[in-house]
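Enquirer: Pasted the sequence and its predicted model underneath.
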Amino acid sequence: MLSPGAVLFFTLILMASSLGQRTRKPYGSTSPISTIQAQANFNAQQFAGTWLLVAVGSACRFLQEQGHRAEATTLHIAPQGAAMAASTFRKLDGICWQVRQLYGITGVPGRFLLQAPRARGPVHVVVAETDYQSFAILYLEQARRLSVKLYTRTLPVSDSALNAFEERVRGANLTEDQIFFFPKYGFCETADQFHILNEMPK
């Protein structure tokens, strides 16, 4: 059984739904993320590189209760055709871990599908807003529950990016109390071979 720290680790990476029971929606109802527009003319090559996770807006109960245990998180993106290979670096119990995942293609630029063994079903990802040089706002949805992430290339994050993120959070029917800010120090750059979790499709 995973420790609470490990559960938080994977929850923060996937930003999926609450670890509790999921509310079933009527079949055929509109998925929340389907109404989110992707960045116009999204360019994966420009989006590639290193991003620092600044904040997450989410109704995840476990995150709200255990979010204070979060560590600084880095996301490295490398294009694979129209898809994107993502490597997330974060400490767990003082040790740097790397999680490798594939943001698979959906046929729509800026919209991706993440199939991760540890997730409860597929995770839909939309790069909703980015200038490629300084900030990016991503939406993630699993089991029809939406979360919003703010990334930056460098710290501190600009006020304009933070304001755009907070507006997106409100638009997702989340409150300021459901925004969690990540540490601005202690980032991992690498992980040894014993602390790599590869969730890339084989």
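Expert: Thanks, I have the structure now. The model shown is predicted, which means the values in this text are computed figures rather than measured ones.

Enquirer: When you work out contacts or count neighbours from here on, use the C-alpha atoms and nothing else.
Expert: Fine.

Enquirer: Let me know the secondary structure of the closest residue to residue 111 other than its chain neighbours.
Expert: Spatial nearest neighbour of residue 111, excluding adjacent residues (CA to CA, 6 or more residues apart in numbering): residue 126 at 4.5 Å. Under DSSP: H, G, I helix; E, B strand; the rest coil, residue 126 falls in the strand class.

Enquirer: Compute the number of surrounding residues for residue 126.
Expert: Per other CA atoms under 10 Å, the neighbour tally for residue 126 reads 24.

Enquirer: now the one 5 residues further on
Expert: By the measure other CA under 10 Å, the count of residues near residue 131 is 12.

Enquirer: Residue 164 now?
Expert: Neighbours of residue 164 (other CA under 10 Å): 14.

Enquirer: which SS state does it fall under?
Expert: Classified using three-state DSSP, residue 164 is helix.

Enquirer: picking that back up, contacts only, for the residue nearest to residue 111.
Expert: Residue 126 is in contact with 33, 36, 37, 38, 110, 111, 112, 138, 139, 140, counting by CA atoms under 8 Å, 6 or more residues apart in numbering.

Enquirer: Kindly report the same for residue 112.
Expert: Applying CA under 8 Å, 6+ apart, the residues near residue 112 are 83, 103, 104, 105, 106, 124, 125, 126.

Enquirer: Just the buried subset of these, please.
Expert: The neighbour count (16 or more other CA atoms under 10 Å) marks 83, 103, 104, 105, 124, 125, 126 as buried among the contacts of residue 112.

Enquirer: shaky segments in the chain?
Expert: 1-29, 118-119 (pLDDT under 70).

Enquirer: just so I have it, where are all the strands in it?
Expert: 49-57, 73-80, 83-92, 95-105, 111-114, 123-130, 135-142, 145-152, 179-181, 196-198 (DSSP state E).

Enquirer: before we move on, back to that, a markdown table please, covering the contacts of residue 112 and showing distance to residue 148.
Expert: A markdown table is the format used below for those (distance: CA to CA, whole Å):
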| residue | distance to residue 148 |
| --- | --- |
| 83 | 20 |
| 103 | 16 |
| 104 | 19 |
| 105 | 20 |
| 106 | 19 |
| 124 | 12 |
| 125 | 10 |
| 126 | 10 |
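
Enquirer: wait, which of these is closest to residue 162?
Expert: Lowest distance from residue 162 to the contacts of residue 112 (CA to CA) belongs to residue 126, with 18.0 Å.

Enquirer: Closest to residue 163 out of the buried ones among the contacts of residue 112?
Expert: residue 126 (18.9 Å).

Enquirer: and stretch 109-119, which residues are buried?
Expert: 109, 110, 111, 112, 113, 114, 115, 116, 119.

Enquirer: got the CA positions of that stretch in PDB?
Expert: Listed next in PDB are the C-alpha coordinates belonging to stretch 109-119 (Å, rounded to 0.1, in the frame of the first residue of the first chain):
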ATOM      1  CA  PRO A 109      -3.800  20.800 -31.500                       C
ATOM      2  CA  GLY A 110      -3.400  21.700 -27.800                       C
ATOM      3  CA  ARG A 111      -5.700  18.900 -26.700                       C
ATOM      4  CA  PHE A 112      -4.200  15.700 -25.400                       C
ATOM      5  CA  LEU A 113      -5.100  12.400 -23.700                       C
ATOM      6  CA  LEU A 114      -3.000  10.900 -20.900                       C
ATOM      7  CA  GLN A 115      -3.300   7.200 -20.300                       C
ATOM      8  CA  ALA A 116      -1.500   6.500 -17.000                       C
ATOM      9  CA  PRO A 117      -1.800   3.200 -15.100                       C
ATOM     10  CA  ARG A 118      -2.100   4.900 -11.700                       C
ATOM     11  CA  ALA A 119      -4.900   7.200 -12.900                       C
END
